[in-house]
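> My questions concern the predicted model and sequence given below.
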Amino acid sequence: MLRSLGRRSLIAPLRSFSSVRQPSYDAVIIGAGVIGTSIATELSRHGWRTLNVDKLSGVGLGSTSYSSGILRMTYSVLDSVKFAWEGYHYWQSWEDHIGVEDEKGLAQLRSCGQVIIRSAESEAFITKTLACFDKLGLPYEMWDNAELQRRLGFDLTSYAPPRRIDDDSFGEPNGREVDGAVYFPTAGYISDPQLACHNLQTAALATGRAEFAFGQSVVEVTREAGRASGVRLADGTVISAGVVVNAAGPHSSAINALAFPDPAENDMRIATRPMRQEVSYVPSPPEIDWSDGGAGMVVTDPDTGVYWRPEVGGKILCGTVEPPCDASFHRYPEDPESVYPGGAESSLTEQWTNQVYRAALRMPTLPLPDSANTQGVVACYDVSDDWTPIYDGSALPGYYMAIGTSGNQFKNCGVAGRLMRELITAREARRAAFAAHLALERVPGCGTIDTAAFSRLRTSHSSANNVMG
Ligand SMILES: Cc1cc2nc3c(=O)[nH]c(=O)nc-3n(C[C@H](O)[C@H](O)[C@H](O)COP(=O)(O)OP(=O)(O)OC[C@H]3O[C@@H](n4cnc5c(N)ncnc54)[C@H](O)[C@@H]3O)c2cc1C
């Protein structure tokens with residue numbers, strides 16, 4: 001029987017507005033995932049009265065709670081590398097960033113480093129990401145095969161291109177070895193993404209200006225005098241607000257459809273859509289210590305088409321880097337809720353099995369659970385056309401978007417919150433000057449981020465076209 005780890009539960013009291021005729025806020029944020037909650041933290045610290053509305057029963061119960069929580073700087077777009085570099089420094093000083101005590105404790109950064117296995121499959125991505133790293137002076141090391149084997153005990157056979165396990169050639173060596181790896185010391189993971197989200201909520205609530213309403217669905221983005229003026233909830237309550245922010249994760253395109261009943265008014269050049277994903281949990285191989293805090297690392301192996309990292313409980317967590325052979329696994333459900341417990345697409349499938357068997361090519365002693373003991377999660381990414389997020393305003397004054405997080409923006413929640421706060425406050429004050437650049441505060445050596453990189457109006461980036469971004 002296939003088993004899915006259900007939503008990690010964090011039950012918060014439901015808040016109803018039925019007794020309030022028309023509450024009013026400076027900003028209403030649709031979604032209380034890690035992105036929407038971080039925006040609330042930033043805006044409320046800035047003096048704004050914010051309300052996050054979420055249809056679930058607490059913070060971080062949507063796609064955030066299923067996140068692999070990997071923190072890496074390796075992207076193929078320069079501003080994405082800068083953004084992740086700045087984002088990582090939020091995790092390094094998370095306690096300071098949160099600034100208040102959370103009775104549930106603080107999310108812990110596990111700083112274990114990342115390796116990307118080198119072979120023909122990864123060369124294009126590595127060339128692009130190293131060009132960015134060189135430009136910014138960020139650290140990395142080249143490992144030869146001996147070092148790769150010494151550190152991680154991997155089988156060095158090259159199997160590229162990645163194949164499905166029902167392909168007769170699955171697991172057949174291509175006659176070459178991999179060409180070592182690139183090691184990135186500044187990388188790691190957060191094993192409890194939902195706790196990180198709770199930390200952000202606690203920080204927001206501590207300002208006394210942030211509120212959260214759970215168990216409430218937004219069904220309309222209201223307008224007044226040509227601006228977004230608030231939202232209507234499923235129970236009919238209207239909440240008015242100076243600005244409305246779409247931070248609805250995999251539901252982002254559905255919320256955009258509410259904001260633009262006439263799609264012709266929406267000038268976005270980059271679209272977003274939900275994409276179903278599976279993540280596998282398996283016992284770790286015996287050769288090296290993959291326990292939390294052990295010698296294991298974040299491993300990206302385009303040669304076999306998977307990534308993995310240490311997971312608490314002596315396991316490894318394994319996901320896909322979407323090799324072309326998996327195209328038929330890739331589903332874009334109309335309703336993202338269909339992948340969550342009880343939904344029609346919520347069971348683990350052969351995607352789980354393919355991921356695990358591919359990881360076993362690199363780690364032949366990986367214990368493979370039988371089909372009665374599979375563990376994993378099913379969730380949705382909110383994928384943009386170029387796997388790069390949209391952090392921007394819109395054609396509707398007062399309506400903003402922090403969407404298209406493409407399976408790779410958990411790591412950036414801190415800096416994304418700040419970017420959205422600066423963007424919203426500047427635009428609302430008609431300070432266009434901000435619009436072009438966000439100064440990197442935590443890593444000043446890297447200069448500024450060109451916010452056009454995350455614009456809804458950009459031309460698609462030439463990215464990896466997968467979760468690597
Ligand atoms: C399987 C998986 C693995 C990932 N791994 C990584 C990783 O290793 N590293 C990394 O950096 N990123 C990773 N990500 C991506 C990262 O987790 C997401 O980018 C991030 O969590 C998105 O947060 P969010 O707040 O935008 O969305 P969500 O957490 O999905 O929050 C959106 C919220 O909006 C609410 N909502 C939607 N519609 C409505 C409505 N109409 N009314 C009220 N509420 C509504 C939902 O209930 C939900 O709670 C992964 C994602 C997944 C799914």
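Now that the structure is in, tell me what you want to look at.

> excluding its backbone neighbours, what's nearest the residue of the stretch 1-150 of the chain at minimum distance from the ligand?
Closest to the ligand within the stretch 1-150 of the chain is residue 33: 2.2 Å, counting by CB to the nearest ligand atom. From N, CA and C alone the C-beta is placed, and that goes for glycine too. Using CB to CB, 6 or more residues apart in numbering and skipping residues adjacent in sequence, the residue nearest residue 33 is residue 64, 4.2 Å away.

> Would you mind listing the residues in contact with the one you found?
33, 34, 193, 194, 197, 249, 410 (CB atoms under 8 Å, 6 or more residues apart in numbering).

> could I get those residues as CSV with distance to residue 129?
Shown next, in CSV, are these (distance: CB to CB, whole Å):
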residue, distance to residue 129
33, 27
34, 24
193, 24
194, 29
197, 28
249, 26
410, 19
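
> So which of the residues you listed wins on neighbours?
residue 34 (36 neighbours; other CB atoms under 10 Å).

> residue boundaries of the strands in the stretch 351-469 of the chain?
Taking DSSP state E, counting those that start in this stretch as the criterion, the stretch 351-469 of the chain carries its strands at 375-384, 390-392, 399-403, 437-439, 448-450.

> closest to residue 264 out of those?
Minimum separation from residue 264 across the strands of the stretch 351-469 of the chain (CB to CB) falls at strand 399-403, 15.8 Å.

> residues near the residue nearest to residue 340 when sequence neighbours are not counted, how many?
Closest residue to residue 340 apart from its sequence neighbours, by CB to CB, 6+ apart: residue 346 at 5.9 Å. Residues lying near residue 346 (other CB under 10 Å) number 18.

> Please list all residues in contact with residue 346.
Contacts of residue 346 by CB under 8 Å, 6+ apart are 4, 338, 339, 340, 378.

> gap between the fourth one and residue 24?
When distance is defined by CB to CB, to the nearest Å, residue 340 is 32 Å away from residue 24.

> quick one: which of those two has more around it?
Between residue 340 and residue 24, residue 340 has the larger neighbour count (other CB under 10 Å), namely 22 against 15.

> circling back to that earlier point, would you double-check that the residue nearest to residue 33 falls in a strand?
No - Residue 64 sits outside any strand when classified using DSSP: H, G, I helix; E, B strand; the rest coil, being helix.

> Roughly how far does it sit from residue 289?
With CB to CB as the criterion, residue 64 and residue 289 are 29 Å apart.

> Next: residue 275.
For residue 275, the distance to residue 289 - CB to CB - is 34 Å.

> which of these two has more neighbours?
Using other CB under 10 Å as the criterion, residue 275 and residue 289 rank with residue 275 on top: 22 against 13.

> Who are the packing partners of the host helix or strand of the more buried one?
Residue 275 is located in strand 272-283, with elements delineated by DSSP states H and E. Secondary-structure packing of strand 272-283 (3 or more CB pairs under 8 Å, 6 or more residues apart in numbering; DSSP states H and E): helix 252-259, strand 315-320, helix 350-362, strand 375-384.

> how distant is that strand from the center of its chain?
Chain-centre distance of strand 272-283: 12 Å, with CA atoms, centre = their mean, to the nearest Å.

> continuing past that strand, what's the next helix or strand?
strand 298-301.

> Give me the helices and strands touching the very next helix or strand once past that next one, please.
As assigned by DSSP H and E, the chain's next helix or strand after strand 298-301 is strand 306-311. If you count contacts as 3+ CB pairs under 8 Å, 6+ apart, strand 306-311 packs onto strand 298-301, strand 315-320, helix 350-362.

> any idea which of the contacts of residue 346 is least confident?
For the contacts of residue 346, the weakest pLDDT value sits at residue 4, with 36.

> ok, back up a step: out of the contacts of residue 346, name the ones that lie in strands.
residue 378 (DSSP state E).

> can you pull the contacts of the residue of the stretch 101-250 of the chain found nearest the ligand?
Of all residues in the stretch 101-250 of the chain, residue 249 sits closest to the ligand, at 2.4 Å by CB to the nearest ligand atom. Neighbouring residues of residue 249 by CB under 8 Å, 6+ apart: 31, 33, 35, 62, 63, 64, 336, 380, 382, 403, 405.

> Only whichever of those are buried, select them in PyMOL.
Restricted to buried positions by 16 or more other CB atoms under 10 Å, the PyMOL selection for the contacts of residue 249 reads:
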select buried, resi 31+33+35+62+63+64+336+380+382+403+405
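
> So among the contacts of residue 249, where is pLDDT lowest?
residue 336 (93).

> Can you give me every residue that contacts that one?
Going by CB under 8 Å, 6+ apart, residue 336 touches 63, 249, 250, 251, 274, 380.

> possible to save the residues you listed as TSV with distance to residue 420?
Formatted as TSV, the contacts of residue 336 follow (distance: CB to CB, whole Å):
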residue	distance to residue 420
63	18
249	14
250	18
251	18
274	21
380	21
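
> Which member of these is positioned nearest residue 219?
residue 251 (11.8 Å).

> The closest one touches residue 274, doesn't it?
Yes - between residue 251 and residue 274 there is a contact at 7.4 Å, judged by CB atoms under 8 Å.

> between these two, what contacts are shared?
Common neighbours of residue 251 and residue 274 (CB under 8 Å, 6+ apart) are 336, 382.

> Show me which residues of the stretch 351-469 of the chain are close to the ligand?
379, 380, 381, 405, 407, 408, 409, 410, 411 (CB under 6 Å from any ligand atom).

> Widest-spaced pair of the residues you listed?
The largest separation in those, counting by CB to CB, is between 380 and 411 at 18.0 Å.

> And the strands in the stretch 151-300 of the chain?
Counting by DSSP E, counting those that start in this stretch, the strands of the stretch 151-300 of the chain are 181-184, 188-190, 210-214, 218-224, 227-233, 238-246, 272-283, 298-301.

> just checking, residue 345 touches residue 378?
Yes - in this structure, residue 345 is within contact of residue 378 by CB under 8 Å, at 7.2 Å.

> Need the overlap of contacts for these two.
If you check residue 345 and residue 378 against CB under 8 Å, 6+ apart, the residues they both contact are 276, 339.

> Comparing those two, which shows the higher neighbour count?
residue 378 (24 against 16).

> Residue 85 looks like it's in a strand, true?
No - per three-state DSSP, residue 85 lies outside any strand segment and is helix.

> okay, now it: neighbour count?
Neighbour number of residue 85 under other CB under 10 Å is 24.

> That one is in contact with residue 441, isn't it?
No - counting by CB under 8 Å, residue 85 does not reach residue 441; the two are 11.9 Å apart.

> related to what we said a few turns ago, could you redo the residues of the stretch 351-469 of the chain next to the ligand as JSON lines and give each row distance to residue 211?
Converted to JSON lines, these look like this (distance: CB to CB, whole Å):
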{"residue": "379", "distance to residue 211": "27"}
{"residue": "380", "distance to residue 211": "27"}
{"residue": "381", "distance to residue 211": "28"}
{"residue": "405", "distance to residue 211": "24"}
{"residue": "407", "distance to residue 211": "29"}
{"residue": "408", "distance to residue 211": "29"}
{"residue": "409", "distance to residue 211": "24"}
{"residue": "410", "distance to residue 211": "24"}
{"residue": "411", "distance to residue 211": "27"}
